[in-house]
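Enquirer: after the sequence you'll find the predicted model.
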Amino acid sequence: MYSLLNTINSPDDLRKLERAQLPQLANELRAFLVESVSKTGGHLSSNLGTVELTVALHYVFDTPQDKLVWDVGHQTYSHKILTGRRAAMSGLRMAHGISGFPKRSESPYDAFGTGHSSTSISAALGMAVAAQLAGKDNRAVAIIGDGAMTGGMAFEALNNAGAMDANLLVILNDNDMSISHPVGALNNYLAKLMSGRFYAAMRRGSEKVLKGMPPVLEFAKRAEEHVKGMVTPSTMFEEFGFNYIGPIDGHDLNVLVDTLRNIRKLKGPQFLHIVTQKGKGYAQAEDDCVLYHGVGKFDPNQGITPTASCKMSYTQVFGNWLCDMAAADKRLVGITPAMCEGSGMAKFAEKFPERYFDVGIAEQHALTFAAGLACDGYKPVVAIYSTFLQRAYDQLIHDIAIQKLPVVLAIDRGGLVGADGATHAGSFDLSYLRSIPNMTVMAPADENECRQMLSTAFSLDTPSAVRYPRGCGPCVTVQKNLDTLPVGKGELQREGKHVAILAFGSMLEPALQAAALLDATVANMRFVKPLDEELILQLAREHVLLVTVEENTIQGGAGSAVAECLARHGVSVSMLHLGLPDAFLEQGDPARMLADCGLDAAGIERAIRKKIT
């Protein structure tokens, strides 16, 4: 079935093929992708759309001396397969297996580690300048999607690159998709640019005809800018200082190979615009590329079949609360940086389209936009992943917190996220949020408490954050009301002796299980900021050991806040802090990862027994 693909163990093998063999290789690669991802889960639509591009890039460029930098990196499965990791795909995104994203420690062909968007042009420019400084002729290529081009960092890099003469190639993979449908003026501009294909065809045809008449060809080149203005909109990329080429068919290997070979000979910053179809070659993914963006295991013949579940995820809890609160308060506006489906906002977008704002992959803008709305009396709710919020830390401090603006941050993917690994693990949010003045920070222990905390956050006139994990909680019944919680108050869940466990958020359940074996006291702390200092001091007086447990890095986290509280009050008590280690944790099964960190019930019990013996 994979007669050609099985002979490719490196790009050197690929470059030995005849050009006529490349379409067969692409077909086999696409079939292998569907078969492989159906067994492991992973990103599918994005990878199916970049098969021909990947083949052409490794066929033309001298990788790994020439550097390929993939933006986000969720479209690099073909790249991994062609660079010696075909057999390793069976362990994709699993513990001790290969990452779902590029990773420098995994392969010399992974020039830059990624997982978040809009970084590729900056990194590739750095590599192009490094080659220039070293007197080398190798090239740097940034492959970026139209969705990622909505990120401001991409334009910062374009602005810098256009003023240099480094040999940088930026390839815009225009599939009219990121994860959700892209939005904004840039996407509209790219759509309009597609109408310029007549110009591109005329240009190529004219050069072919005129190349035998040098004086006429030279005149045509001098007049080119004028002709462009008459035939198609002037491209912003040329205004940035790039030589713009395209758009071309990103699934036509002959065109891709010829174009890339020509560009490989050019000096200075080049910009190639290709058009692809997300999900290409697999009918189900072509029909619904959002559904097939990130998939679990499935039957490739049947496709994905929805399965009913009695459980409600935290994301769904947020989505339902958002609609209910919007119906109750017309001041509510919902904002997302390009994660409508992932953040649970699809229902809200449908019911309240005039109050729904997808700002594109622009986290910094999302927060300052929310700040502007809050200044004029609205109550913005920003749905954002924990690791995406990291990208807007200054805006949170400078534009929201200093001004005490009532912006609610609904932070999804707090804690470990499993298969997506270190780039997506929300390991640091409690630490970086609690250090900001004027913030209220909450961590729910179950789904109903998540809804109550969201209502509590919305009721405040200052910035607030509700941080919840990926997936489902303990599956408690979620009430339909919009009740709030008393700010800064935890609750005792179990009374015991000698040891008190202060559990934050998702750690309440394993803490209760461990406490039952230890006859320990357990407090559901609920608030990371402000802390329930009265409860902490009471527990310190009545117990010989306080144990803090959180699904966040120990450094600067909730446990540190408890220790600081006790120090302020001059209280001395033995303490044990349990949380995520000072390390970037690789991908794996979430439950197994928590156990490895000692954050399951057995690990908590074991750590406490070791401390008290």
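Expert: Happy to help now that I have it. Numbering: from 1, shown residues only.

Enquirer: what are the neighbouring residues in contact with Pro581?
Expert: Counting by CB atoms under 8 Å, 6 or more residues apart in numbering, Pro581 touches 553-554, 597. To be clear about C-beta, it is placed using only N, CA and C from the backbone, and glycine gets the same treatment.

Enquirer: and with 7 Å instead?
Expert: Cys597 (CB atoms under 7 Å, 6 or more residues apart in numbering).

Enquirer: just the endpoints, please. Distance across stretch 41-53?
Expert: End-to-end distance for stretch 41-53, by CA to CA, to the nearest Å: 22 Å.

Enquirer: need the contact partners of it.
Expert: Contacts of stretch 41-53 (CB under 7 Å, 6+ apart): 26, 29-30, 33, 37, 74-75, 77-78, 92-93, 100, 173, 175, 250-251, 253, 256, 274, 276-282, 285, 289, 292-297, 419.

Enquirer: helices of the stretch 301-450 of the chain, start to end?
Expert: 314-328, 346-351, 363-375, 386-389, 393-395, 429-434, 447-459 (DSSP state H, counting those that start in this stretch).

Enquirer: these: which one's closest to Met149?
Expert: helix 363-375 (13.9 Å; CB to CB).

Enquirer: helices and strands around that closest one, which ones?
Expert: For helix 363-375, the elements it packs on are strand 332-336, strand 379-385, helix 393-395, judged by 3 or more CB pairs under 7 Å, 6 or more residues apart in numbering; DSSP states H and E.

Enquirer: and these, which is most packed in?
Expert: Among the helices and strands packed on helix 363-375, strand 379-385 has the highest mean neighbour count (mean count of other CB atoms under 10 Å), at a mean of 25.

Enquirer: okay, the angle between that strand and helix 447-459?
Expert: Using axes from the mean of the first three to the mean of the last three CA atoms, to 10 degrees, the inter-axis angle of strand 379-385 relative to helix 447-459 is 140 degrees.

Enquirer: the inter-axis angle of strand 379-385 versus helix 363-375?
Expert: 160 degrees.

Enquirer: and Phe240, what's its pLDDT?
Expert: Note for Phe240: predicted pLDDT of 88.

Enquirer: which residues touch the closest residue to it other than its chain neighbours?
Expert: In this structure, Phe240 finds its nearest non-sequential neighbour in Gly162, 4.0 Å apart by CB to CB, 6 or more residues apart in numbering. Going by CB under 7 Å, 6+ apart, Gly162 touches 240-242, 269.

Enquirer: just the closest of these to Ala338, please.
Expert: Of all the contacts of Gly162, Ala338 sits closest to Phe240, with 22.5 Å by CB to CB.

Enquirer: list the contacts of the closest one.
Expert: By CB under 7 Å, 6+ apart, Phe240 lies in contact with 158-159, 162.

Enquirer: which one of those is nearest Ala607?
Expert: The nearest member of these to Ala607, counting by CB to CB, is Leu158 at 50.0 Å.

Enquirer: buried set for the helix or strand containing that closest one?
Expert: Assigned by DSSP states H and E, Leu158 falls within helix 152-161. With burial defined by 16 or more other CB atoms under 10 Å, the residues of helix 152-161 counted as buried are 153-155, 157-158, 160-161.

Enquirer: rewinding a little: confidence score at the residue nearest to Phe240?
Expert: 87.

Enquirer: the stretch 451-600 of the chain: helices as residue ranges?
Expert: Counting by DSSP H, counting those that start in this stretch, the helices of the stretch 451-600 of the chain are 508-518, 533-542, 558-568, 590-596.

Enquirer: which of the contacts of Gly162 has the most neighbours?
Expert: Ranked by neighbour count (other CB atoms under 10 Å), these have Pro269 at the top, with 25 neighbours.

Enquirer: correct me, but that residue touches Ala161?
Expert: Yes: in this structure Pro269 lies within contact range of Ala161 using CB atoms under 7 Å: 5.1 Å.

Enquirer: list residues touching both of those two?
Expert: Jointly contacting Pro269 and Ala161 under the rule CB under 7 Å, 6+ apart are Leu168.

Enquirer: can you tell which of the helices of the stretch 451-600 of the chain is closest to Ala383?
Expert: helix 590-596 (21.2 Å).

Enquirer: quick check, Ala166 in contact with Leu125.
Expert: Yes: judged on CB under 7 Å, Ala166 makes contact with Leu125 at a distance of 6.5 Å.

Enquirer: sorry, back to before: quickly note the distance from the residue nearest to Phe240 to Gly268.
Expert: Relative to Gly268, Gly162 is positioned 9 Å away (CB to CB, to the nearest Å).

Enquirer: now swap in Gly471 and tell me
Expert: For Gly471 relative to Gly268 (CB to CB), the value is 48 Å.

Enquirer: circling back to that earlier point, ranking the helices of the stretch 451-600 of the chain by burial, who's on top?
Expert: Greatest average neighbour count among the helices of the stretch 451-600 of the chain goes to helix 508-518 (a mean of 21), per mean count of other CB under 10 Å.
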